[in-house]
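Chemist: coords below, sequence missing:
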């Protein structure tokens, strides 16, 4: 049931970042505020229609609701990629990834 918990936390984090209350989100997506609470607490899965409505209300694509890991800043990404170029195997792997091989 990890997916329910992670999805709920993600929806809650996005909602809070937009400064939207649970009650307001419920109004926007036309469901009961208790249902929003159940979704955010990981006690209930939203239906596909509700997922779509939540994404629209939060101004994100549906797939973004399922991005659970913290986003890595670009500077850190660049630093890790550049340091990986010192290793021949990692360089080959990165090159293959770029080519889609």
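Modeler: Sure, I can see it. The structure displayed is predicted, hence computed values, not measured ones. Numbers count the residues shown, from 1 in each chain.

Chemist: quick check: buried residues in stretch 48-55?
Modeler: By neighbour count on 16 or more other CB atoms under 10 Å, the buried set for stretch 48-55 is 50, 51, 53, 54, 55. (C-beta placed from N, C-alpha, C; glycine too.)

Chemist: residues in contact with it: which ones?
Modeler: Identification of contacts with stretch 48-55 by CB atoms under 8 Å, 6 or more residues apart in numbering yields 11, 25, 28-31, 35, 39, 46, 61-62, 64-65.

Chemist: possible to save those as a markdown table with neighbour count, distance to residue 90 and pLDDT?
Modeler: Output for the contacts of stretch 48-55, formatted as a markdown table (neighbours: other CB atoms under 10 Å; distance: CB to CB, whole Å; pLDDT from 0 to 100):
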| residue | neighbour count | distance to residue 90 | pLDDT |
| --- | --- | --- | --- |
| 11 | 23 | 35 | 96 |
| 25 | 23 | 43 | 98 |
| 28 | 15 | 45 | 97 |
| 29 | 20 | 44 | 97 |
| 30 | 10 | 49 | 97 |
| 31 | 19 | 47 | 97 |
| 35 | 16 | 46 | 97 |
| 39 | 23 | 40 | 97 |
| 46 | 21 | 39 | 94 |
| 61 | 12 | 31 | 93 |
| 62 | 12 | 33 | 93 |
| 64 | 12 | 29 | 90 |
| 65 | 19 | 32 | 92 |
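
Chemist: quick revisit: in strands, which of the buried residues of stretch 48-55 appear?
Modeler: Nothing among the buried residues of stretch 48-55 maps onto strands, per DSSP state E.

Chemist: would JSON lines of the residues you listed with distance to residue 92 be doable?
Modeler: Shown next, in JSON lines, are these (distance: CB to CB, whole Å):
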{"residue": "50", "distance to residue 92": "44"}
{"residue": "51", "distance to residue 92": "39"}
{"residue": "53", "distance to residue 92": "45"}
{"residue": "54", "distance to residue 92": "41"}
{"residue": "55", "distance to residue 92": "38"}
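
Chemist: picking that back up, keep only those of the contacts of stretch 48-55 that are in helices.
Modeler: 11, 25, 28, 29, 35, 39 (DSSP state H).

Chemist: please consider this matter closed, and thank you.
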